[in-house]
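# Here's my sequence, what's the structure:
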Amino acid sequence: MIDRVITSGTFSLDGGTWEVDNNVWLIGDAREVVVVDAAHDAEAIAERAGGRRVKAIVCTHAHNDHINAAARLAELTGAPIRLHPADQVLWEQVYGPEVAYTPLADGERIPVGGVALEVLHTPGHSPGAVCLHAADQGVLFSGDTLFKGGPGATGRSYSSFETIIESIAERLLSLPPETVVHTGHGDSTSIGAEASHLGDWLARGH
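The predicted structure follows:
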């Protein structure tokens, strides 16, 4: 069972602020869920979870628009916040050292509702960016690493075009081409559809 809540707010970094709509994904069953990227509106996310136990709030990375509802949602649900520690500097821009999270590790498996979400460390959009792969379901939750039409943005602090392309090529394009990719913003896509664009991305990046 995969649910989506679209929330709206702002993304701020390097002195700029932009209006954004975020995809918040809830994965699980009728009893429990994992929330991927608690963005903007903790109450709306908690409402979608309903009476189900929230096992974890997983942050695909620590840009403010993906974590700014995490602390409040943790208060509402009692769920732990999970984040790759390589994004500590971005986390502290939002929460300082006062709000704690439990570190994610590459290769870790997060079980929920009969589904296993494998953590894939995919740096580039940010140092600690991760994707979550539900292999048995043929689904990837890509955060801002991979979108319909190309990789996530790398023009701001703590990002690298070369690194994100390496992450996508080595960690994501090896997945089955029919894998559905649920993104942090916008429409879903597939690994096969995005693999066909790889040469175009490389050409644009150089």
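# which stretch of helix or strand covers Asp200?
For Asp200, the host element (DSSP states H and E) is helix 198-204.
# Helix, strand or coil: sort out the residue lying closest to Gly143 once chain neighbours are set aside for me.
Nearest residue to Gly143, sequence neighbours excluded (CB to CB, 6 or more residues apart in numbering): Thr60, at 2.7 Å. From N, CA and C alone the C-beta is placed, and that goes for glycine too. Here Thr60 is coil, with the state taken from DSSP: H, G, I helix; E, B strand; the rest coil.
# what's the answer for Ile6, then?
Of the three states, Ile6 takes strand under three-state DSSP.
# Mind listing the residues bridging to it?
With DSSP bridges as the criterion, Ile6 is bridged to Asn23.
# quick one: low-confidence ranges for the protein?
Residues of the chain meeting the criterion pLDDT under 70: 199, 202-206.
# what about the helices in it?
Residue ranges of the helices in the chain, as given by DSSP state H, are 42-49, 64-67, 70-77, 88-95, 161-167, 191-195, 198-204.
# how many neighbours does the closest residue to Ala129 other than its chain neighbours have?
The shortest distance from Ala129 to any non-neighbouring residue, by CB to CB, 6+ apart, is to His61 (4.2 Å). His61 is flanked by 31 other residues according to other CB atoms under 10 Å.
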